[in-house]
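Predicted model and sequence follow; I will ask about them next.
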Amino acid sequence: ASEKAELKDRIKRLLKERDAVLVAHYYVDAELQDLAEETGGCVSDSLEMARFGRDHPARTLVVAGVRFMGESAKILSPEKTILMPDLDATCSLDLGCPADDFAAFCDQHPDRTVVVYANTSAAVKARADWMVTSSIGLDIVRHLHAQGKKILWAPDRHLGAYIQKQTGADMLLWQGSCLVHDEFKGVELDLLKLEYPEAKVLVHPESPASVVAQADVVGSTTQLIDAAVKLPATTFIVATDNGILHKMRAAAPGKHFIEAPTAGNSATCKSCAHCPWMAMNGLKNLAEVLETGANEVQVDPEIGRQAKRAIDRMLDFAA
Ligand code: CIZ
Ligand code: SF4
């Protein structure tokens, strides 16, 4: 058998031996997504990964994604062992919002309700009143705005500006961004649409306003996959991490997906729209952590309890 096939067999055996289940994000390698599905785990967005892990009976969760996703899994399932193929897989939004600076910012604005995006550390979530994901952020901010609340939003400035525009809420924005989505270019997208006038444009709201403005659908990863299935179109231009195309093609067979342009020329920049930290997850390091039990995600229990309040608020709101 090939080296890959051997690795996959080893991973399947180790998952069983460890009473472990694999949860993978839409942005990791296609072979990890397939393996998660084949072995009874799940492939989804960050929220669903944590919820699936919490509700699954396995004692160990293996999170193929980035650090904040491993932390969220630990926060929701403190009694479980959470392993990650590489603990250095982080996120530019998380990196750009250090907990100390964030706490100081909150202290300067005690009159504001603190709403943070899922892509943050446990310590930042612990300082927040609410955690939201991109699928529900709009509804929660609309709800808070209707109650007359002023909001402090962190860390993604594009997502914050989009929600602000849609809801009219008073939002003070932390100035973070995602290094993948921040690269999508409005002018080049406009030109690409001239080439494919029949295409529908699907955009994740971590993208700049000039890109969001051209979207037929703005939404979270799960919402964009749903749109690809449901919209009566055959060609789509997609502005989010290109790891998602694997799932889109499987969910909407026969449809045609084109990556939105990044650094000026979509033909010469095939993999600009792929997160370098998501790419740190592979079959090899996955097999290794299952073998050794290394790379366990730890969250300070008190910080975890506080962060959980902000997450549970969102889960209760969604229920
Ligand atoms: O950009 C990301 O990292 C996303 C969309 C995460 C998520 O919520 O699934
Ligand atoms: Fe963070 Fe962007 Fe990577 Fe998502 S794609 S993990 S937001 S850097």
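Thanks, I have the structure now. Nothing here was measured: the structure is a model prediction, and the numbers come from that model. Ligands and ions are numbered 1, 2, ... in the order given.

Give me the neighbour count for the residue nearest to H181 when sequence neighbours are not counted.
Computed as C-beta to C-beta, 6 or more residues apart in numbering, the closest residue to H181 that is not its neighbour in sequence is E206, at 3.7 Å. (Glycine included, C-beta is placed from N, CA and C.) By the criterion of other C-beta atoms under 10 Å, E206 has 28 neighbours.

any idea where the strands of the stretch 101-250 of the chain begin and end?
Using DSSP state E, counting those that start in this stretch, the strands of the stretch 101-250 of the chain run over residues 113-117, 130-132, 151-154, 171-173, 200-203, 217-218, 235-239.

could you list every residue that touches the residue nearest to H181?
Contacts for E206 were tallied using C-beta atoms under 8 Å, 6 or more residues apart in numbering; they are S134, D156, H158, L159, S177, C178, V180, H181, D182, T240.

again with A279
By C-beta under 8 Å, 6+ apart, the contact list for A279 reads V28, D29.

and the helix or strand containing A73, what does it pack onto?
A73 is part of helix 67-76, with elements assigned from DSSP states H and E. Here helix 67-76 touches helix 46-55, strand 60-64, strand 81-83, helix 122-126, helix 301-318, going by 3 or more C-beta pairs under 8 Å, 6 or more residues apart in numbering; DSSP states H and E.

Relative to ligand 2, how far out is whatever residue of the stretch 201-319 of the chain ends up closest to ligand 1?
Nearest residue of the stretch 201-319 of the chain to ligand 1: T221, at 5.0 Å (C-beta to the nearest ligand atom). Relative to ligand 2, T221 is positioned 9 Å away (C-beta to the nearest ligand atom, to the nearest Å).

What parts of the stretch 151-300 of the chain come near ligand 2?
Within the stretch 151-300 of the chain, the positions adjacent to ligand 2 are C178, L179, V180, E206, D241, C275, W277, M278 by C-beta under 6 Å from any ligand atom.

Any idea how many residues pack against the third one?
Counted with other C-beta under 10 Å, the neighbours of V180 add up to 26.

Report whether the expected contact of it with H274 is present.
Yes: using C-beta atoms under 8 Å, V180 is in contact with H274, at 6.9 Å.

Between those two, which contacts overlap?
What both V180 and H274 touch, as defined by C-beta under 8 Å, 6+ apart, is the set D241.

show me where the stretch 101-250 of the chain has helices.
122-126, 137-146, 157-167, 186-195, 209-212, 221-230, 245-251 (DSSP state H, counting those that start in this stretch).

Pull out the buried positions in the shortest one.
Using 16 or more other C-beta atoms under 10 Å as the test for burial, helix 209-212 gives V211, V212.

Identify all contacting residues around that helix.
Contacts of helix 209-212 (C-beta under 8 Å, 6+ apart): 158, 161-162, 184-187, 189, 203, 205, 218, 239, 260.

mind putting these in JSON lines, neighbour count, distance to P253 and pLDDT included?
As requested, the contacts of helix 209-212 are arranged in JSON lines below (neighbours: other C-beta atoms under 10 Å; distance: C-beta to C-beta, whole Å; pLDDT from 0 to 100):
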{"residue": "H158", "neighbour count": "22", "distance to P253": "32", "pLDDT": "98"}
{"residue": "A161", "neighbour count": "17", "distance to P253": "36", "pLDDT": "98"}
{"residue": "Y162", "neighbour count": "24", "distance to P253": "31", "pLDDT": "98"}
{"residue": "F184", "neighbour count": "28", "distance to P253": "26", "pLDDT": "95"}
{"residue": "K185", "neighbour count": "21", "distance to P253": "29", "pLDDT": "93"}
{"residue": "G186", "neighbour count": "18", "distance to P253": "30", "pLDDT": "95"}
{"residue": "V187", "neighbour count": "11", "distance to P253": "32", "pLDDT": "93"}
{"residue": "L189", "neighbour count": "23", "distance to P253": "25", "pLDDT": "95"}
{"residue": "V203", "neighbour count": "26", "distance to P253": "23", "pLDDT": "98"}
{"residue": "P205", "neighbour count": "25", "distance to P253": "27", "pLDDT": "98"}
{"residue": "V218", "neighbour count": "23", "distance to P253": "24", "pLDDT": "98"}
{"residue": "A239", "neighbour count": "30", "distance to P253": "22", "pLDDT": "97"}
{"residue": "A260", "neighbour count": "30", "distance to P253": "21", "pLDDT": "95"}
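
Redo those as JSON lines? Include distance to H145.
Output for those, formatted as JSON lines (distance: C-beta to C-beta, whole Å):
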{"residue": "H158", "distance to H145": "19"}
{"residue": "A161", "distance to H145": "15"}
{"residue": "Y162", "distance to H145": "14"}
{"residue": "F184", "distance to H145": "28"}
{"residue": "K185", "distance to H145": "31"}
{"residue": "G186", "distance to H145": "27"}
{"residue": "V187", "distance to H145": "32"}
{"residue": "L189", "distance to H145": "30"}
{"residue": "V203", "distance to H145": "23"}
{"residue": "P205", "distance to H145": "17"}
{"residue": "V218", "distance to H145": "18"}
{"residue": "A239", "distance to H145": "27"}
{"residue": "A260", "distance to H145": "30"}
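
Alright, that wraps it up for me.
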